[in-house]
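Peer 1: Compute the structure for the input listed below.
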Amino acid sequence: MARQSLKKSLSNVTQSSREMASYPIVCSFLPAATNILVALGLEHLVHAVTFECPMDRPRIIHSSLHEKDLSADEINTLIAQHKQESTTVNTIDEELLLKIKPDIIFTQAICNVCQIGEDDVNKALKKYPLQTQVYSLNPKSLEDVFETIHTVAKACGYPEKGDMLISSLKEINRGIEEKLSQHHRALKKCSFFEWMEPTFNCGHWIPDQLKIAGGYDELANPNGYSYPVAIKEKKNYNPEIIIFSACGMSLHQSLEEVEKVLSDPFWKSLSAYQNGKIWIVDGNLFTQPGPELVNGVLLLAALFNPDLFEFSPELDGKYVQFREPAK
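Peer 2: Take a look at the predicted model:
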């Protein structure tokens with residue numbers, strides 16, 4: 001089961017997705033919510049999504065940073081500026097909102113700068129005579145993520161689909177843990193960075209993903225926000241594996257940003273650099289709290305113990321290994 005793809009494991013969940021004659025009108029203001037709805041087989045309920053969502057629906061959330069050619073440092077500076085000014089990077093298409101008149105909106109309150117926040121949604125709704133139920137999805141741990149799946153399924157009227165999906169995801173995780181236990185594998189000492197310039201550690205549910213996959217990160221902040229980590233801390237820790245995963249950035253751009261960061265001579269003193277064990281991975285497998293997190297666990301398991309776990313075809317194009325530039 002550990003090597004089984006997430007897509008295959010969810011096939012039973014999605015087969016009976018269109019049995020309702022009447023159904024709620026849903027708007028997803030959060031990519032993770034969109035992913036959950038698709039995995040539940042409820043995409044037919046969705047009438048509008050965010051600019052980030054890979055779904056053929058009208059875009060109701062727009063970003064001032066989308067499709068701009070910005071470096072990691074420039075993005076970090078702009079995000080910090082928005083935080084200081086308490087303004088959001090994203091906006092709601094209120095004309096479309098009024099036209100759709102959704103019964104349900106899924107949003108969040110974890111990061112009200114990078115994503116539309118619950119407060120922004122409620123302010124917009126107060127302007128119009130809409131009877132919309134707002135669900136704010138704010139997981140801190142992987143177990144919390146499973147609970148948000150149940151919340152989405154129940155809100156849409158399909159709690160049994162949520163139970164089936166959660167069971168499938170947990171079965172994959174158990175398969176990984178059991179194989180590692182059977183082979184008596186020690187946890188790999190790693191560092192997982194959510195941003196490159198500056199280098200942010202990992203937080204919230206990512207430490208859970210690492211642990212299930214067979215790794216641990218002493219610089220992480222489980223169930224909490226990520227924050228910049230000083231060079232001294234990284235040097236004292238000296239991980240054997242380093243992983244970079246940037247939220248909202250393509251793998252190609254992430255690699256370019258990592259190459260800039262690793263040009264600092266400091267990194268060459270670390271075991272991970274010397275042994276060629278630095279990886280850049282797709283941020284969507286780690287920063288969007290939905291079913292794709294389990295594909296992130298599968299990817300980590302293959303990176304940590306490639307002799308035990310294979311890279312499934314679904315993970316093609318989701319990771320790249322850093323190679324030291326030729327001199």
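Peer 1: doesn't residue 122 fall inside a strand?
Peer 2: No: using DSSP: H, G, I helix; E, B strand; the rest coil, the assignment for residue 122 is helix, not a strand.
Peer 1: got the contact list for it?
Peer 2: Going by Cβ atoms under 8 Å, 6 or more residues apart in numbering, residue 122 touches residue 134. Backbone N, C-alpha and C define where each C-beta goes, glycine included.
Peer 1: 10 Å instead?
Peer 2: 105, 107, 132, 134, 136 (Cβ atoms under 10 Å, 6 or more residues apart in numbering).
Peer 1: and what of residue 242?
Peer 2: 190-193, 199, 217, 234, 258, 262, 267, 270-273, 277-280, 322.
Peer 1: switch the cut-off to 6 Å
Peer 2: Residue 242 makes contacts with 191, 272, 278, as judged by Cβ atoms under 6 Å, 6 or more residues apart in numbering.
Peer 1: which residue packs closest to it, ignoring adjacent ones?
Peer 2: Leaving out its chain neighbours, the residue that sits closest to residue 242 by Cβ to Cβ, 6 or more residues apart in numbering is residue 272, at 4.2 Å.
Peer 1: thinking again about what came up before, considering the contacts of residue 242, which possesses the most neighbours?
Peer 2: Greatest neighbour count in these, by other Cβ atoms under 10 Å, goes to residue 191: 27 neighbours.
Peer 1: Skip ahead from the helix or strand bottoming out on mean pLDDT in the chain and say which helix or strand is next.
Peer 2: Least confident helix or strand of the chain, by mean pLDDT, DSSP states H and E, is helix 11-14 with a mean of 47. Counting by DSSP states H and E, the next helix or strand C-terminal to helix 11-14 is strand 26-28.
Peer 1: pLDDT averaged over the helix or strand following that following strand, what's the number?
Peer 2: Per DSSP H and E, the first helix or strand lying C-terminal to strand 26-28 is helix 31-39. For helix 31-39, mean pLDDT rounds to 97.
Peer 1: So residue 233: helix, strand or coil?
Peer 2: helix.
Peer 1: Out of the contacts of residue 242, which sit inside strands?
Peer 2: 191, 278 (DSSP state E).
Peer 1: Tell me the one among the contacts of residue 242 nearest to residue 307.
Peer 2: Of all the contacts of residue 242, residue 307 sits closest to residue 272, with 18.5 Å by Cβ to Cβ.
Peer 1: Test my guess that that closest one contacts residue 278.
Peer 2: Yes: the pair residue 272 and residue 278 qualifies as a contact (Cβ atoms under 6 Å) at a distance of 5.5 Å.
Peer 1: any idea how far residue 274 is from residue 284?
Peer 2: Computed as Cβ to Cβ, to the nearest Å, the residue 274 to residue 284 distance reads 30 Å.
Peer 1: before we move on, which element is residue 131 in?
Peer 2: Applying DSSP H and E, one finds residue 131 in no helix or strand.
Peer 1: can you give me the strands in this protein?
Peer 2: 26-28, 46-50, 59-63, 90-92, 104-107, 133-136, 188-193, 203-204, 215-216, 221-222, 241-244, 278-281, 319-321.
Peer 1: for those strands, which one ends up most surrounded?
Peer 2: strand 26-28 (a mean of 29; mean count of other Cβ atoms under 10 Å).
Peer 1: What lies in contact with it?
Peer 2: Taking Cβ under 6 Å, 6+ apart as the rule, strand 26-28 contacts 34, 45-46, 48-49, 60, 102, 104-106.
Peer 1: Repeat that for stretch 293-302.
Peer 2: 6, 169, 172, 176, 209, 212-213, 285-286, 309, 311, 315.
Peer 1: Poorly predicted segments of the protein, please.
Peer 2: In the prediction, the chain carries residues with pLDDT under 70 at positions 1-21, 64-76, 78-87, 112-114, 326-327.
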